[in-house]
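>>> I need the structure of the sequence given here:
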Amino acid sequence: MNRLSQTLLTLTVAALGATVLPTTASAEPGECAPTQSVDPLRLLRQASLDLRGSIPTFDEYQAVKNADDPAAEVDARIEDMLVSDAYFDNVREYHRNLMWSSMDDAVVDRVLHPGRRLVRAGNTQLWRVPAAGRWFRGSNTVTCLNQEQTDFDADGRPIPIETYPDINCNGPGAGGICSREGYVMVEPYWAPGTEVKVCAFDAQALELGATGDACSAYHPNDPGCGCGPNLQWCGRVQDEYKDDFRDVLAEEPLRIFENVVRADLPYTEAFTTDLTWMNGTLAHYYRHMVGMLNPNQGGAAYDTAIDELPDLAYGQDDAWVPVEREGAHAGVLTTYGFLGRFASNRGRANRFFTAFYCDPFVPPEEGLPPQEDNPDPDLRKRAGCDGCHADLEPAAAHWGRWRTGGTYGLMRPDVLSFETPLQTCLCGEGTDTPNCNLTCRSYYVTADNSHPAEYEAFGGLPLTAAWADPIELSNAEMGPELLVETPEQKRQVAQCMVRTMAEHLLARELDEDDLPWVVEHTDALEADGYRFSGMVSRMVADERYRSIH
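From the prediction side, this is the model:
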């Protein structure tokens, strides 16, 4: 019996053996006991806070107070709340907490490649990309001249104003010589009609770099590539600007949940849909920034699986429009907001199992056994680890084709093969290729990142393939949408939806007496086509909810 079946069976058996729901007569005295007489005004306030996140308006209070049937008026007001914009705003916030949908500063650093991070030089108004200075001037610590504008050669490249010897200037071709150019004035994409001062090398806007590669794809490490037209390939990561892209990336999966709820679609579609939502700032990021990585670090090895982006300008943030993604996507589970927030496949699996199966992976209560002298390299079999990892590894494999480490992109089958070792990744200490590149270190079994037995069996294959059985490899090929494919899985999601929302509305953890009630609401949710708002409507009409006000 697998983990999912055991969880469902445990809950069902507990429900069948639990005591009968308490009645009004047997309840403890006090305001928290079920009551036949519910104060309509207090119920209105409670429902409004839970559904909209705000207290009722004066007019709503008055309408209930003056109604011939106040209880019926409250019910009508609640139904209005469930289709209000404030309710859908609250749905996003509910799922923000459920998904832990936020990005800290470390994630922001990964959202923008170092070669695309604009910061001010000291206390000046001069913008530059510090991480690119080595390629332009011989050292990242050297800044352009703040008081002089730059001239350009016949090819449109900046001409250095001064050069001087410095042993610290050891960038490509520098040879101990530092170069400094002046500044140029640029109209930035974030403020059309204005100009900002930018170091000329950083502001380069030509399509092809000095190496002949396209700057839009291979911006870093090329002295001929800058931030592009209107600085569109770079983002500000300083002071109040650093949240420009972080906030909208974290918002994207929440908009998917909102759309599923607003359209009264089955809740499980949030994990399988090819439809996502973007505003102007998010579209700018996906159009100009997400695909630019150094080619020797795997930049050409993945794609975003998004064909057409909306015609929205940066800053058009109130307009969220639908965007079709390719079939490899699986709703919220393959958005940057989720993949960036949970940087490892195990973390992604654990968050999904915790938030949507209500079945987290936790260590045994008795703790882990003493460490073995020669522990099994396969965590599925290692003593003390096998209890979780026998289920966690197959679950994590659903993201086996998606990039990790806070980055974004789908690794193409021709690049990430689960059957054929990648010869360039047969690398590491003791091999013919002692230095592994970043792609190998991040995604493949190498001599440096594996147990000798693991490298011998799986060297050059993706990390996901190590010790994997056919089910895991199938999970990796099909993606995370398989997590809500079977009736059993959907039942688990439904039960978890009910439990999580019940604890949110009742403001307490559920106990054994609540289990039959959970089963009752789960049955109703399944019969109703997994409609989120239908579940909420039934719960706020339930005596358990109305007895706590």
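>>> Could you pull up the mean pLDDT of the helix or strand harbouring residue 393?
Following DSSP states H and E, one finds residue 393 within helix 386-396. For helix 386-396, mean pLDDT rounds to 90.
>>> Could you check how many residues crowd around the closest residue in space to residue 205 that isn't next to it in sequence?
Among residues not flanking residue 205 along the chain, residue 229 sits closest, at 4.6 Å (C-beta to C-beta, 6 or more residues apart in numbering). Just so you know, the C-beta spots here come from the backbone N, C-alpha and C atoms, and that holds for glycine as well. Neighbour count for residue 229, taken as other C-beta atoms under 10 Å: 17.
>>> Next: the one 4 residues further on.
Using other C-beta under 10 Å, residue 233 has 24 neighbouring residues.
>>> okay but it is in contact with residue 285, surely?
No. Under the criterion of C-beta atoms under 8 Å, residue 233 is not in contact with residue 285, lying 10.7 Å apart.
>>> For this protein, identify the residue most remote from the centre.
residue 68 (49.3 Å; C-alpha atoms, centre = their mean).
>>> Wait, a helix at that residue?
No. Counting by DSSP: H, G, I helix; E, B strand; the rest coil, residue 68 falls outside a helix, being coil.
>>> per-domain residue ranges of this structure.
Following automatic domain parsing, the chain resolves into domains at 1-37+486-549, 116-216.
>>> now do the same end-to-end measure for the last one.
With C-alpha to C-alpha, to the nearest Å applied, domain 116-216 spans 11 Å between its terminal residues.
>>> Pull the number of nearby residues for residue 67.
Residue 67 has 15 neighbouring residues, counting by other C-beta under 10 Å.
>>> how far away is it from residue 77?
Separation of residue 67 from residue 77 (C-beta to C-beta, to the nearest Å) stands at 10 Å.
>>> Residue 249 is nearest to which of the domains of the chain?
Evaluated with C-beta to C-beta, the domains of the chain place domain 116-216 nearest to residue 249, the distance being 14.9 Å.
>>> What mean pLDDT does that closest one get?
The average pLDDT within domain 116-216 is 91.
>>> Sort out which residues of stretch 306-323 are buried, please.
Across stretch 306-323, burial judged by 16 or more other C-beta atoms under 10 Å covers 306, 309-310, 312, 314, 316, 320-321, 323.
>>> How about residues contacting that stretch?
Contact partners of stretch 306-323, identified using C-beta atoms under 8 Å, 6 or more residues apart in numbering, comprise 189-190, 192, 248, 255, 259, 275-281, 283-284, 286-287, 324-326.
>>> Regarding residue 185, which helix or strand does it belong to?
strand 183-186.
>>> Name the next helix or strand downstream of that strand, please.
Per DSSP H and E, the first helix or strand lying C-terminal to strand 183-186 is strand 196-199.
>>> tell me what that following strand is packed against?
Counting contacts by 3 or more C-beta pairs under 8 Å, 6 or more residues apart in numbering; DSSP states H and E, strand 196-199 is packed against strand 126-128, strand 183-186.
>>> Could you export these as a markdown table, including distance to residue 48 and mean neighbour count?
As requested, the helices and strands packed on strand 196-199 are exported to a markdown table (distance: least, C-beta to C-beta, whole Å; neighbours: other C-beta atoms under 10 Å):
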| stretch | distance to residue 48 | mean neighbour count |
| --- | --- | --- |
| strand 126-128 | 46 | 24 |
| strand 183-186 | 49 | 20 |
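>>> do you know which of those strands lies nearest residue 242?
Residue 242 lies closest, by C-beta to C-beta, to one member of these: strand 126-128, at 13.7 Å.
>>> now for that closest one, which elements pack on it?
Counting by 3+ C-beta pairs under 8 Å, 6+ apart, the packing neighbours recorded for strand 126-128 are strand 117-120, strand 196-199.
>>> Run a quick neighbour tally on residue 172.
11.
>>> With residue 546 instead?
Applying other C-beta under 10 Å, we find 20 residues neighbouring residue 546.
>>> What distance do you get for it to residue 525?
Distance, residue 546 to residue 525, using C-beta to C-beta: 19 Å.
>>> State the pLDDT value of residue 529.
The model reports residue 529 with a pLDDT of 97.
>>> From residue 495, how far off is the closest residue to it other than its chain neighbours?
Of all residues not flanking residue 529 in the chain, residue 266 sits nearest, at 5.5 Å (C-beta to C-beta, 6+ apart). According to C-beta to C-beta, residue 266 stands 15 Å off from residue 495.
>>> Between the two, which is the more surrounded one?
A direct count of neighbours by other C-beta under 10 Å for residue 266 and residue 495 places residue 495 higher, at 25 against 18.
>>> Touching, the more buried one and residue 522? I think so.
Yes. Residue 495 is within contact range of residue 522, at 4.8 Å (criterion: C-beta under 8 Å).
>>> And stretch 167-187, end to end?
In stretch 167-187, first residue to last residue: 36 Å (C-alpha to C-alpha).
>>> now that stretch: how far from the chain's centre is it?
Offset of stretch 167-187 from its chain centre (C-alpha atoms, centre = their mean, to the nearest Å): 37 Å.
>>> Now that stretch: buried residues?
The neighbour-count check on stretch 167-187 (16+ other C-beta under 10 Å) flags 169, 171, 174, 177-184, 186 as buried.
>>> What's the separation between residue 313 and residue 280?
Distance, residue 313 to residue 280, using C-beta to C-beta: 5 Å.
>>> repeat for residue 48
32 Å.
>>> now do residue 207
Computed as C-beta to C-beta, the residue 207 to residue 280 distance reads 23 Å.
>>> for residue 321, same thing?
Between residue 321 and residue 280 the computed distance is 9 Å (C-beta to C-beta).
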